[in-house]
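Chemist: got a sequence here, can you model it:
(one chain, ligands or ions: 2)
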Amino acid sequence: MSFDRSIKIAPSILSADFANFGAEIRAIEAQGADWVHVDVMDGHFVPNLTFGPPAVKAFRPHVKTFMDVHLMIAPVDLYIEAYAEAGADMITAHVEAGPHIHRTLQAIRAQGVKSGVVLNPGTPAEAVADVLDLCDMVLIMTVNPGFGGQKFIHSGIEKTRKIRQMIGDREIHIQIDGGITPETAPLVVEAGADVLVAGSAVFKGGSVDAPEVYGQNIRAIREAAEGARAKAA
Ligand code: DX5
Ligand code: ZN
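Modeler: Ligands and ions are numbered 1, 2, ... in the order given. The predicted model follows:
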């Protein structure tokens, strides 16, 4: 099968009901989510705390699609094995989280899971140039990590364009995370992104009792993104 550069929507369960993750994951998948994005925060690299490996392990049986685990922790290397064993399909780690991103990506691949490198809004595209061959994905942050519901930072668009060029015909996804809505999705897709994380824009107005709202929200982002893709082609 050829590399899948189609638009993929990855709802972030940071915006889900924290008392009901199993049902929330099943609901977003039934409503069209392509991936499930899990935001791991340590209260040190970012000013918020979320999920340890046991939580991720508990999510695993509910995820039928693809579980993408975004590590916002430092140090990171110490915990890669635990998150891989918890069932991550992909682990992404920040360039800014330690001095040895090359080693970190090698360690992720050594666990037999897909690997991704993440850049904060303040980090230039060039920071990932020498590790692209160790990556299945580059994640470009369009907010400063730590919280859902923040405003999209527009400098991520030009960065996406640069990274898309750097990637060339290599089989590497570009994921965007932060402030993605039907309004901002076209901007990053036109620049070369294929995986869109969305927390508040997917979960807003819905619940496990009104899951069709998740479906409407996912479709609105997907349609805006695919429209931009069609125009760019
Ligand atoms: C931010 C997280 C995001 C966040 C996105 O640190 O990495 O995944 O949940 O939330 P929205 O889509 O609301 O900006
Ligand atoms: Zn994230």
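
Chemist: run a quick neighbour tally on residue 145.
Modeler: Residues lying near residue 145 (other CB atoms under 10 Å) number 22. The C-beta positions use only the backbone N, C-alpha and C, and glycine is treated the same way.

Chemist: which SS class is it?
Modeler: Put simply, residue 145 is coil when judged by DSSP: H, G, I helix; E, B strand; the rest coil.

Chemist: can you tell me how far it is from ligand 1?
Modeler: In this view, residue 145 and ligand 1 are 3 Å apart by CB to the nearest ligand atom, to the nearest Å.

Chemist: now residue 72
Modeler: As for residue 72, its distance to ligand 1 is 6 Å (criterion: CB to the nearest ligand atom).

Chemist: next, that residue: phi, psi?
Modeler: phi -110, psi 70 (degrees, to the nearest 10).

Chemist: confirm for me that it is in contact with residue 47.
Modeler: No. With contact defined as CB atoms under 8 Å, residue 72 does not reach residue 47; the gap is 10.1 Å.

Chemist: who's more crowded, these two?
Modeler: residue 72 (25 against 12).

Chemist: rewinding a little: overlap in contacts, residue 72 and residue 47.
Modeler: In terms of CB atoms under 8 Å, 6 or more residues apart in numbering, residue 72 and residue 47 are both contacted by the residues residue 146.

Chemist: residue 173 and residue 137: what is the separation?
Modeler: Applying CB to CB, to the nearest Å, the value for residue 173 to residue 137 is 4 Å.
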